[in-house]
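Participant: Take a look and give me a structure for this.
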Amino acid sequence: MDALVDDTNRRIARRLRLERETRGWSLADLAARSGVGKATISKIEREETSPTAAVLVRLAAAIDLTLAGLLVKAEGDDGRLVRATDQAVWTDPATGYRRRQLFLRADHPMELVDVEMPPGQSVTLAAASYTLIRQILWVRDGRLVVCEPGRRYELAPGDCLAFGQPADVTIANESAACCRYVIALTRS
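Facilitator: Next comes the predicted model:
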């Protein structure tokens with residue numbers, strides 16, 4: 001699986017650069033729009049570092065994509081049938097958060113994502129990543145905590161949570177066991 005993850009990182013780097021250059025943006029332009037440092041973007045594009053989930057979400061939002069949209073564009077396939085062996089897998093180098101894109105097509109309004117959150121880890125995603133989507137989180141195994149401004153949700157296996165208005169969201173596994181959950185989302 002490591003070779004697949006490394007290949008995904010290479011494809012992400014190339015796609016990010018292509019998206020930036022297609023828009024005629026400099027590194028400074030993308031940095032200003034995303035809030036991600038110019039040096040960080042440059043290292044990602046040169047494949048010198050693996051971006052975290054939080055950084056990828058900010059970069060994707062700056063180019064009007066969801067994280068899933070960026071990952072699928074990086075993979076370059078939009079077939080109706082997505083075999084398990086062809087599903088893009090990406091691992092956040094900072095947390096070990098592993099994301100498998102189960103289904104995404106440019107012409108279909110729904111996406112499905114399978115996520116594994118290691119014990120004691122969390123990911124904070126910026127409000128900008130939720131402005132164009134509606135999503136539901138379904139816990140399959142383990143326990144998960146979702147924190148929005150002023151709200152904390154503790155989820156157990158089988159629980160579902162619909163995300164509210166766009167806000168910074170922290171998804172955390174405060175337990176000692178891995179948590180696995182599915183995200184279903186639609187684009188507005």
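Participant: Got the domain ranges for this structure?
Facilitator: Taking automatic domain parsing as the reference, the chain has its domains at 2-74, 78-187.
Participant: For the helix or strand that contains residue 153, list every residue counted as buried.
Facilitator: Here residue 153, judged by DSSP states H and E, is contained in strand 151-155. For strand 151-155, burial by neighbour count (16 or more other C-beta atoms under 10 Å) applies to residue 155. Placement of C-beta: from N, CA and C, glycine included.
Participant: mind checking how far it is from the chain centre?
Facilitator: 20 Å (C-alpha atoms, centre = their mean, to the nearest Å).
Participant: now for that strand, which elements pack on it?
Facilitator: Under the contact definition 3 or more C-beta pairs under 8 Å, 6 or more residues apart in numbering; DSSP states H and E, strand 151-155 sits against strand 144-148.
Participant: What strands line up against the strand it packs on, and which way round?
Facilitator: The strands beside strand 144-148 in its sheet (DSSP bridges) come out as strand 151-155 (antiparallel), strand 169-172 (antiparallel).
Participant: Stretch 138-152: how far from the chain's middle?
Facilitator: Taking mean C-alpha positions (C-alpha atoms, centre = their mean), stretch 138-152 and its chain are 16 Å apart.
Participant: So for that stretch, mean pLDDT?
Facilitator: Mean pLDDT, stretch 138-152: 97.
Participant: ok, longest helix in this protein?
Facilitator: The longest helix of the chain (DSSP state H) is helix 2-22.
Participant: Residue 98 versus the closest residue to residue 23 other than its chain neighbours, what's the distance?
Facilitator: Leaving out its chain neighbours, the residue that sits closest to residue 23 by C-beta to C-beta, 6 or more residues apart in numbering is residue 63, at 7.1 Å. Distance, residue 63 to residue 98, using C-beta to C-beta, to the nearest Å: 23 Å.
Participant: can you check residue 144 too?
Facilitator: From residue 144 to residue 98 the distance is 14 Å (C-beta to C-beta).
Participant: got the contact list for the residue of the chain most remote from its centre?
Facilitator: Largest separation from the mean C-alpha position in the chain: residue 24, at 24.4 Å (C-alpha atoms, centre = their mean). Going by C-beta atoms under 8 Å, 6 or more residues apart in numbering, residue 24 touches no other residue.
Participant: sorry, back to before: what about the strands paired with strand 144-148, which gets the closest to residue 87?
Facilitator: With C-beta to C-beta as the criterion, residue 87 lies closest to strand 169-172 of those, at 20.3 Å.
Participant: The strands paired with strand 144-148: which one's closest to residue 69?
Facilitator: strand 169-172 (17.9 Å).
Participant: following the closest one, which helix or strand shows up next?
Facilitator: strand 179-187.
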